[in-house]
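>>> structure, please.
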Amino acid sequence: MKYIVHLIVVCFLFSCGKTSSPSIANQASAIAQNETVAAVAAERHAFAEKEVKKDNTPPTPAEPASQKIIKTARISFAVDDFAAAKKRIADIVSKTGGYLSSEVESRGSTEWRNHLEIKVPAAAFDSCVGSLTSGVSRLDQKNITSQDVTAEYVDLDARMKTRIATEQRYLDILKQARNVKEILEVEVQLKTIREEIEAAKGRLQYIDHQVSYSIIYLDYYQTLALSAPEGPGFLQRSWLSVREGWNSLLGLAIEALGLWPFVLIIIFIFIFIKRRLKRNRKQAITS
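Numbers count the residues shown, from 1 in each chain. The predicted structure follows:
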């Protein structure tokens, strides 16, 4: 009788464990379906925003504050004094609250050039561009572009919030798991959801930084040949040409020295052939 009672209890627990597994699976499937519906709704919302922007209807007062616009400028101009221009640009960037993210300076015999990548707060972008281009000797290029990333930002934010809610539902399901298999299945889903959340957060932070700090690609230069006394004269250029020619001749001589094994082989073959011909002549005379 005791064994029969134990057998009944084991069968009951086994049946409970089997019925709990489909419940977990059904809940996970329902969560996945809800997440798909939410994703489609977010895409429709973003598409609707794009369609609204195509119309000529005036924007609401709250819309400009929510817009995400990335501004970029490409500027190129010539200067008369490179050192003074470098100091002036540094002062302008500092006053507008910006900073240099990269700088590449090069100087040749006829030109002194500097490539800058400047990041300034979006609010000071227009004033910084105006200050940089004012008073230059010759403006070669001034190109300003604006990229509206509002729809992408709203879509990413909606997807991230949906995944956070999904993560919380999976955590609730994890509390109901009764065996190792169910726990592992839920943790796999949680890992995927958390990776997607982190990726969305990273992208949103990147967009926020790009929007808050505009980029200015600045290229300025000084033509030394046209700015006395830095520009080299005729005698100096002639001397430079003679020196470059002498250096080229020395380079050829050094390269020729590197071929000495082949030269020795050619000399050895020449001596061997010469002696062989001389020997053949002697034999022909004696015969």
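
>>> just want the most central residue of this structure.
Y206 (11.5 Å; CA atoms, centre = their mean).

>>> per-residue pLDDT, it?
Listed pLDDT for Y206 reads 90.

>>> wasn't it part of a helix?
Yes - counting by DSSP: H, G, I helix; E, B strand; the rest coil, one finds Y206 located in a helix.

>>> least confident secondary structure element in the chain?
Lowest by mean pLDDT, DSSP states H and E among the helices and strands of the chain is helix 2-54, with a mean of 46.

>>> and the residue nearest to the centre of the chain, how far is that from A200?
Distance, Y206 to A200, by CB to CB, to the nearest Å: 11 Å. Where you see a C-beta, it was placed from the backbone N, CA and C, and this is true even at glycine.

>>> who touches D157 in this structure?
D157 is in contact with 200, 204, counting by CB atoms under 8 Å, 6 or more residues apart in numbering.

>>> so where is the stretch 101-250 of the chain shaky, pLDDT-wise?
For the stretch 101-250 of the chain, applying pLDDT under 70 flags the ranges 225-237, 240.

>>> helices of that one, start to end?
Under the criterion DSSP state H, counting those that start in this stretch, the stretch 101-250 of the chain carries helices at the ranges 125-133, 150-176, 180-212, 234-257.

>>> Throw those helices into JSON lines and include distance to I269, thanks.
JSON lines is the format used below for the helices of the stretch 101-250 of the chain (distance: least, CB to CB, whole Å):
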{"stretch": "helix 125-133", "distance to I269": "70"}
{"stretch": "helix 150-176", "distance to I269": "74"}
{"stretch": "helix 180-212", "distance to I269": "69"}
{"stretch": "helix 234-257", "distance to I269": "19"}
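
>>> domain ranges for the protein, per the record?
1-54+64-232, 234-286 (automatic domain parsing).

>>> for R279, give me the pLDDT.
82.

>>> what secondary structure does it sit in?
Applying three-state DSSP: R279 is helix.

>>> give the contact list for it.
Neighbour list for R279: empty [criterion: CB under 8 Å, 6+ apart].

>>> distance check, it against I267.
19 Å.

>>> one more: A284?
Applying CB to CB to A284 and I267 gives a distance of 26 Å.

>>> kindly report the same for I89.
Using CB to CB, I89 is found at 63 Å from I267.

>>> more neighbours: which of the two?
Set side by side, I89 and I267 show more neighbours around I89, with 19 against 10, by other CB atoms under 10 Å.

>>> what are the phi and psi values at that one?
phi -60, psi -40 (degrees, to the nearest 10).

>>> how about it, nearest residue that isn't a chain neighbour?
L132 (6.5 Å; CB to CB, 6 or more residues apart in numbering).

>>> what is the neighbour count of that neighbour?
25.

>>> one more: A151?
Around A151 there are 16 residues (other CB under 10 Å).

>>> repeat that for Q222.
Q222: 24 neighbours (other CB under 10 Å).

>>> list the contacts of it.
By CB under 8 Å, 6+ apart, Q222 lies in contact with 78-82, 85, 111-113, 230.

>>> closest one of those residues to R163?
Closest approach to R163 among these (CB to CB): R113, at 48.1 Å.

>>> isn't Y221 right up against T110?
No - using CB atoms under 8 Å, Y221 is not in contact with T110; the gap is 10.4 Å.
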